[in-house]
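Enquirer: Build the 3D model from these lines:
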Amino acid sequence: MPQDRGVTQSGLAIRRMSASSEPPPSPNVRTGPEYAKLIDISRCIGCKGCEVACKEWNELGIEPTENFGSMQSHRDLGPDTWLLMRFNEIEVGGDLQWLIKKDACLHCEEPGCLYACPAPGAIVQYENGIVDFNHDSCIGCQLCVSGCPFDIPRFNPATRKVYKCNMCVDRVEAGLEPACVKTCPTNAISWGTKEDMVTLAEQKVERLQARGFDNATLYDPAGVGGTHMMYVVPHGDQLGEYDLPADPKASPGALAALGGLRKLGASALGLGILGTALHYLGFGPQEPGAAEVPSNGVGGGTAPMSAGGESRPTVESQATGESSPTVPSPPTGETPPTGDPTGSTEG
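Expert: As a prediction, the model looks like this:
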């Protein structure tokens, strides 16, 4: 997790932070290359070993599942399911084929989730390309969910936080590959620098095309600046069947809404400060427990009562030094006299 605006405690450089300007350079930054995962779908056997490794390494909870007529362990990603093997059945050339895809965060070079997030430092992008969530700063607004063109982040109502794959950033910082890469039994997942993984992908695509997969391609979409989890796709003309958008971009609606919210928030804050200042200048500070002054300023109001039921001197009597006369209460059970208290009457 980020410790300051430019570098983590272990020295991992931060490239971008949500709702923040570019972090300043730090003399303690440990610079290094950009890394990437390459998923060769043609080699994946759908064993789900990567799913188990992800849950075990990240100590994720168990989410209920059900038999819904699919080989998938869950219907969808979740706050405790950061990686999901998706199984799609399609007919290709009269034959039934499984289109298997390892679904998780692609760690975009231009991350829509980071650009959409209004909480400073809640989402960071490290110099190595990994996009990570800082849950201590997350406010649970879910704008990152709307900003992701791949529909990856998942909200947890219990914690009011959003979760996704963090590319095992703690392992990467220690010089290790992510847990899913370590576990894969068929070497369908490769790990290395982004440059090396692109070169490896081009070689794999050439071999697939030589085997008859004419539409084999590398999935590294330019609309998000490229990704740090890429796919070698045997049927590149059917990206939709793999649940891969053909031309993903950061959601313009979410970014526009965020801009409006920021402007509205800044305006409301400014008006609130201005109103407070004007009230203070016009009326001064309010002292707690201050006696109320009658509206005409010179009596005519009700004398305030003390705790014992006796009337307290009014503001006017306090100013003259005189005591306000009080009318004694009649004894219990007697009727107050009416008319002239002397008993005399006029003819």
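Enquirer: tell me the average confidence for the helix or strand hosting Leu271?
Expert: Using DSSP states H and E, Leu271 falls within helix 252-283. For helix 252-283, mean pLDDT rounds to 62.
Enquirer: do stretch 202-214 as well
Expert: 97.
Enquirer: Check stretch 87-100 too.
Expert: 85.
Enquirer: Quick check: buried residues in that stretch?
Expert: Across stretch 87-100, burial judged by 16 or more other CB atoms under 10 Å covers 88, 99-100. For glycine as for every other residue, the C-beta is placed from the backbone atoms N, C-alpha and C.
Enquirer: So which of those residues is the closest to Arg15?
Expert: Arg15 lies nearest to Ile100 out of the buried residues of stretch 87-100, by CB to CB, at 32.2 Å.
Enquirer: I'd assumed Leu84 was in contact with the closest one.
Expert: No: using CB atoms under 8 Å, Ile100 makes no contact with Leu84, being 11.1 Å away.
Enquirer: mind listing the strands for this structure?
Expert: 14-17, 35-40, 84-92, 95-103, 123-126, 131-133, 154-156, 161-163, 189-193, 217-219, 229-233 (DSSP state E).
Enquirer: What residues sit buried inside stretch 97-114?
Expert: Result for stretch 97-114 [16+ other CB under 10 Å]: buried residues 99-114.
Enquirer: now the stretch 1-150 of the chain, which segments are flagged as low pLDDT?
Expert: 1-11, 22-31 (pLDDT under 70).
Enquirer: where do the helices sit along it?
Expert: Taking DSSP state H, counting those that start in this stretch, the helices of the stretch 1-150 of the chain run over residues 49-58, 112-116, 143-147.
Enquirer: Quickly compare these and say which is most buried.
Expert: Comparing the helices of the stretch 1-150 of the chain by mean neighbour count (mean count of other CB atoms under 10 Å), helix 112-116 ranks first with a mean of 25.
Enquirer: helices or strands next to that one in the packing?
Expert: strand 123-126, helix 143-147, helix 252-283 (3 or more CB pairs under 8 Å, 6 or more residues apart in numbering; DSSP states H and E).
Enquirer: Next up, the contacts around Pro111.
Expert: 16, 123, 125, 131, 224, 250 (CB atoms under 8 Å, 6 or more residues apart in numbering).
Enquirer: how does it look with 6 Å?
Expert: Pro111 is in contact with Val131, counting by CB atoms under 6 Å, 6 or more residues apart in numbering.
Enquirer: Repeat that for Ile100.
Expert: Contacts of Ile100 (CB under 6 Å, 6+ apart): 44, 46, 87.
Enquirer: how about stretch 74-83: buried residues?
Expert: For stretch 74-83, using 16+ other CB under 10 Å, the buried residues are 74, 77-83.
Enquirer: between these, which is nearest Pro157?
Expert: Pro79 (8.7 Å).
Enquirer: and the closest residue to the closest one other than its chain neighbours, bridged to which residues?
Expert: Distances taken as CB to CB, 6 or more residues apart in numbering put Asn156 closest to Pro79, at 3.7 Å, once the chain neighbours are dropped. On the basis of DSSP bridges, Asn156 is bridged to Lys161.
Enquirer: what's the closest of the strands of the chain to Ile273?
Expert: Judging these by CB to CB, what sits closest to Ile273 is strand 14-17, at 25.9 Å.
Enquirer: what packs against that closest one?
Expert: strand 123-126 (3 or more CB pairs under 6 Å, 6 or more residues apart in numbering; DSSP states H and E).
Enquirer: who's in contact with the residue nearest to Lys182 when sequence neighbours are not counted?
Expert: Nearest-residue entry for Lys182: Ala53, 6.9 Å, with adjacent residues in sequence omitted and distances by CB to CB, 6+ apart. Shown in contact with Ala53 (CB under 6 Å, 6+ apart): 179-180, 183.
Enquirer: Relative to Phe213, how far out is Cys47?
Expert: Taking CB to CB, to the nearest Å as the measure, Cys47 falls 22 Å from Phe213.
Enquirer: my guess is Asp103 meets Met85, correct?
Expert: No: here Asp103 does not reach Met85: they are 7.3 Å apart, not a contact under CB atoms under 6 Å.
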